[in-house]
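Visitor: Return a 3D structure for these sequence lines:
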Amino acid sequence: MKYFKNSILIIASLLLLTACGETTVDDNGLTLYRWNAYEMRVPASWEQVEKTQMSTPVRGTVELAMRSLVSNRGFMNNLTVLSDTIQSETATSSEYMRQTMLWASREYLSTTIENEESVTFADGTTSALVIFHAKYNEITEEHLFMQTARICGKTVYLITLWLENDTPADTYDRYRPILASFTCK
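Guide: Reported below is the predicted structural model:
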């Protein structure tokens, strides 16, 4: 009888916790993460990379770095969020993204834009989303990038997914929700 009472108590507690708690993994397999100035959904199976394990970016500050646990030929799909102070009050996220692509074309050995489209963030704000292939130098492999920018007050966030170069275009839809989930707090 005591075992039965304890079981009922445990089940009732679990039901109460489930009813009160928010499920953070959505239908796309993305988990909601919250930081001081923003929140976004990232694949539940990805892990956070310590900033000390990364090289310092040319511009901006690394806010977030995450990577897949699956390695293909030594490469793991990854996500970075860089922040910088916006210099112009009239700049839009789309304009910043276009400027970023100009800078990128000078920094990479080669850059090929596959597509430029619009992304609508979870709060209804829009920006440009650029899908491109780029190669840093003669030694590194070319990679596929999906990149967008988001302005939150006086801070601009550059959100980049680095994917394997041979990622099929018909699977891009599984990555777009990651970028679109970015929300300013």
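
Visitor: all strands of the chain, in order?
Guide: Along the chain, the segments classed as strands by DSSP state E run 30-34, 38-43, 47-48, 61-67, 78-85, 110-120, 126-135, 143-152, 155-163, 183-184.

Visitor: Relative to residue 102, which of those is closest?
Guide: strand 110-120 (10.1 Å; CB to CB). The C-beta positions use only the backbone N, C-alpha and C, and glycine is treated the same way.

Visitor: Other residues contacting that closest one?
Guide: Strand 110-120 is contacted by residues 94, 101, 104-105, 126-135, 142, 144, 148, 169, 176, 179-180 when judged by CB atoms under 8 Å, 6 or more residues apart in numbering.

Visitor: Distance to residue 55 and mean neighbour count for the strands of the chain - can I get that in a markdown table?
Guide: Listed next are these as a markdown table, based on distance: least, CB to CB, whole Å; neighbours: other CB atoms under 10 Å:
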| stretch | distance to residue 55 | mean neighbour count |
| --- | --- | --- |
| strand 30-34 | 23 | 15 |
| strand 38-43 | 21 | 21 |
| strand 47-48 | 17 | 12 |
| strand 61-67 | 9 | 18 |
| strand 78-85 | 11 | 19 |
| strand 110-120 | 19 | 13 |
| strand 126-135 | 16 | 20 |
| strand 143-152 | 15 | 22 |
| strand 155-163 | 14 | 21 |
| strand 183-184 | 27 | 16 |
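
Visitor: Tabulate these in JSON lines, adding columns for mean pLDDT and distance to residue 24.
Guide: Shown next, in JSON lines, are those (pLDDT from 0 to 100; distance: least, CB to CB, whole Å):
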{"stretch": "strand 30-34", "mean pLDDT": "92", "distance to residue 24": "5"}
{"stretch": "strand 38-43", "mean pLDDT": "95", "distance to residue 24": "8"}
{"stretch": "strand 47-48", "mean pLDDT": "93", "distance to residue 24": "15"}
{"stretch": "strand 61-67", "mean pLDDT": "93", "distance to residue 24": "15"}
{"stretch": "strand 78-85", "mean pLDDT": "95", "distance to residue 24": "17"}
{"stretch": "strand 110-120", "mean pLDDT": "94", "distance to residue 24": "22"}
{"stretch": "strand 126-135", "mean pLDDT": "95", "distance to residue 24": "24"}
{"stretch": "strand 143-152", "mean pLDDT": "95", "distance to residue 24": "21"}
{"stretch": "strand 155-163", "mean pLDDT": "95", "distance to residue 24": "19"}
{"stretch": "strand 183-184", "mean pLDDT": "95", "distance to residue 24": "14"}
